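Undergrad: Need the 3D shape of this:
(chains A and B)
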Amino acid sequence: MENALAFIGRNFFLIFGLMAVGAAVAMVFSKSAVHSVLSFLFAMLSIAGCYLSLQAEFVGVAQILVYAGGIVVLFLFVVMLVELTRFKEAGGIFHVQTPWAVVAVLGACAVFIYVFRGLIFDPASKDALVLKPELAQGLDVASQNAQAVSRGLFAEYLLPFEILSVILLVALVAAVAIAKQERA
Amino acid sequence: MSFARALLEALLRDSRLITPQLLLVGAATLMLWPLDGILFQRGEKRKWAPVTLVVLALTGLLMLGVPSGSGFSGMYKVDGLARGFQWISLLSAIATVFLSQRMLDGMEEQTVEYYAMILFALSGMFFLAGATDLVSIYFSLELMAVCIYILAAYLRNQDRSIEAGVKYFLLGAFSSGILLYGLSLLFIAAGGQGTNLSALNQALAMAPKNSDFLVFAGVLMVLVGFGFKVAAVPFHQWSPDAYDGAPTPITAFMATAPKAAAIAAFIRLFGTGLHGVSSDWVPPLSFVAGASMVWGNVAALRQSTMKRMLAYSSIAHVGYMLMGVLSMDVAQGAQVIWLYMGIYLFMNMGAFAVVIHLQGKGEGERIEDFRGLGRRQPVLAFAMMVFLLSLAGIPPLLGFFGKFFLFKLAIEQGYVFLTTLALVTSAISAYYYLMVVNQMYFREAPEGDRPALGTAIAAVVTAACAVTLIGTAFGPWLLEWAGRIGV
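TA: Sure, this is the predicted structure:
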């Protein structure tokens, strides 16, 4: 019992990651749209768990607020408003692609296990996977997580952050431009 | 407090580097709101083209005053490479706006969003050409791509345009995911210390031995992502459909400006950040370059529509340019690619201008529509012939010099097989370019009237043709001049 708990404690990241992957698979393969959205919610919460296990509390909480809070609700609205009965029979459109996709996914899994094998299971190479966020000069990353993130966003990564805001603006404008009705 | 003050001072100092982008983004945002309501009444949307041209001209003026240097904690850098490719993108955008106005008038599809998207896309390209950090490269690439997705799907009443946009968007989003994952693998392999390209290069050189495969996987995924963005074989499947369905001026834009910016980032990323691990990416990139040349040219042979043919030919041209990325002498490779891209810009814009002109009266889609053009409109046909022969690289035209410098560099760098392949495929490409010339001069013209050449299109054709012909006269000295400008 003790050992099992200790194992879980050591491998939170791996457990949450596997949960996220499982939920994502369930999301893709579930027949009902509502089930898909719920699996999506579960996947997002698992990823938030991954962030928390990496001591990135701020990102983890933001993940829960934005994805689990905002986006899932938005998805549920869409599912509610759009009539989905028409798409029910579209289950078989990827007959040709499915086997190839499965082969490709398994192949990719094999490659990545090969790539990461040395890094995860070789004790000598543990340093390579330890991230060293030294954005926070003079800050204790563990207790002042939000400050560290804000320094990253608004000092070192200011330019990409602002470019990102332009991307969001463009996406909004574009969505309206594409979807708007022609005024007679 | 001193931290905040230092931040503000750095911001004020660095913002001089990005004044053109600030103008572009600011002007585009203002155009969307509130200028849309203030300046023009409804039904006067066509006036947005002149406004956009003014903004673009001002951007060009601002670019002259931008100092060289690096800023934003090493995220962005203005140097010869950035400047050179920014000019290419800017010229391409100007030509696109010129070409757009008449066609959009004809379709009654003038909106402010169209022009604003071009400006936003251009700002993304400016950032991309100067990005020196994994994060800023990725985000500027996305800014550029999102705008182009929308522009490709702009004619939303046409199924083909929607198809183009959706295909481009789905494959683009997918490839962005691959690119991002590759970048994150490289970040981890470099120890997770930083994302700056030169720091990355040093960190990768010192990476532990057992992360070799990690680096290789990261490099491959980045290569796949960029391959999608520049439409190199085997990641090109979206491009013919997207080029075919997009509004033709946007096709011309897509074939030049985003490619120039993406190639600039390609050179920057592979030449600076991954220079030390070149043994990982030279073989796959050689394959991509060779496959692009072969498949682009062979597939272009079978096309019966002009836009698809030019799409495949642009894949082939990207293949040639990737040979320059392979060069271990990064500065010279960048110079040669820049020259090639600049030359390609003029030929390509000219050819698309002629296609758009013929499209104005419902032709120009098929290659057959060009028959008898030599008799109907001799000047236009002559210009088109110049563009096509130059695209084929037939001496002594300008396109020949572009290819000559590129192939010479490739030989010097020891890529003999690849250069031979490039020469053979160039010869193949001459066939389909000459097919169009054949249609123009040796086929009977169908009955029909002669449409008037719009001023804007005439201006683009004349400018492109003049540059091609004048450049031809100065061909042998071009590379030296490019070196003197400092690209």
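Undergrad: show me where chain A has helices.
TA: For chain A, the helices defined by DSSP state H occupy A:2-10, A:12-29, A:33-53, A:57-63, A:72-81, A:97-121, A:126-129, A:145-151, A:158-179.
Undergrad: worst average pLDDT in the ones you listed?
TA: Mean pLDDT values for those show the minimum at helix A:126-129, a mean of 46.
Undergrad: Give me the domain ranges for chain A.
TA: Annotated domains of chain A cover A:1-83, A:93-130, A:132-184 [automatic domain parsing].
Undergrad: mind checking which of these is nearest B:Thr272?
TA: domain A:132-184 (17.5 Å; CB to CB). The C-beta positions use only the backbone N, C-alpha and C, and glycine is treated the same way.
Undergrad: And the residue nearest to B:Thr132 when sequence neighbours are not counted, its phi and psi?
TA: Once flanking residues are discounted, B:Thr132 sits nearest to B:Lys77: 4.5 Å by CB to CB, 6 or more residues apart in numbering or on different chains. Phi and psi for B:Lys77, reported as degrees, to the nearest 10, are phi -140, psi 130.
Undergrad: Distance of B:Ser184 relative to A:Leu159?
TA: As judged by CB to CB, to the nearest Å, B:Ser184 and A:Leu159 stand 19 Å apart.
Undergrad: Who has more neighbours out of those two?
TA: A:Leu159 (27 against 16; other CB atoms under 10 Å in any protein chain shown).
Undergrad: ok so, going back, distance check, the residue nearest to B:Thr132 against chain A.
TA: Distance of B:Lys77 to chain A, given as CB to the nearest CB, to the nearest Å: 11 Å.
Undergrad: now B:His275
TA: Counting by CB to the nearest CB, the gap from B:His275 to chain A is 21 Å.
Undergrad: tell me the helices in the stretch 51-200 of chain B, going along the chain?
TA: B:80-107, B:112-130, B:134-152, B:159-189, B:197-205 (DSSP state H, counting those that start in this stretch).
Undergrad: wait, what's in contact with A:Leu41?
TA: By CB atoms under 8 Å, 6 or more residues apart in numbering or on different chains, A:Leu41 lies in contact with A:67-68, A:72.
Undergrad: Look up how far chain B lies from it.
TA: In terms of CB to the nearest CB, A:Leu41 sits 21 Å off from chain B.
Undergrad: Only C-alpha atoms, please: export stretch B:100-120 in CSV.
TA: C-alpha atoms of stretch B:100-120 as CSV (Å, rounded to 0.1, in the frame of the first residue of the first chain):
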residue,chain,number,x,y,z
SER,B,100,-7.3,42.9,-56.2
GLN,B,101,-9.3,46.0,-56.8
ARG,B,102,-10.7,45.4,-60.2
MET,B,103,-11.4,41.8,-59.6
LEU,B,104,-13.2,42.4,-56.3
ASP,B,105,-15.2,45.2,-58.0
GLY,B,106,-16.3,42.8,-60.6
MET,B,107,-17.5,40.3,-58.0
GLU,B,108,-18.9,43.0,-55.7
GLU,B,109,-16.9,41.6,-52.9
GLN,B,110,-15.1,44.6,-51.8
THR,B,111,-14.8,44.7,-48.0
VAL,B,112,-12.5,46.4,-45.6
GLU,B,113,-11.7,43.0,-44.0
TYR,B,114,-9.9,41.8,-47.2
TYR,B,115,-7.4,44.7,-47.1
ALA,B,116,-7.1,44.6,-43.3
MET,B,117,-6.2,40.9,-43.5
ILE,B,118,-3.5,41.6,-46.1
LEU,B,119,-2.0,44.2,-43.7
PHE,B,120,-2.2,41.9,-40.7
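Undergrad: What residues sit buried inside that stretch?
TA: By neighbour count with 16 or more other CB atoms under 10 Å in any protein chain shown, stretch B:100-120 contains the buried residues B:100-104, B:109-110, B:112-120.
Undergrad: go on, stretch B:328-346?
TA: Residues of stretch B:328-346 classed as buried by neighbour count (16+ other CB under 10 Å): B:330, B:332-346.
Undergrad: Select from the residues you listed every entry located in helices.
TA: Those of these lying in helices (DSSP H): B:330, B:332-346.
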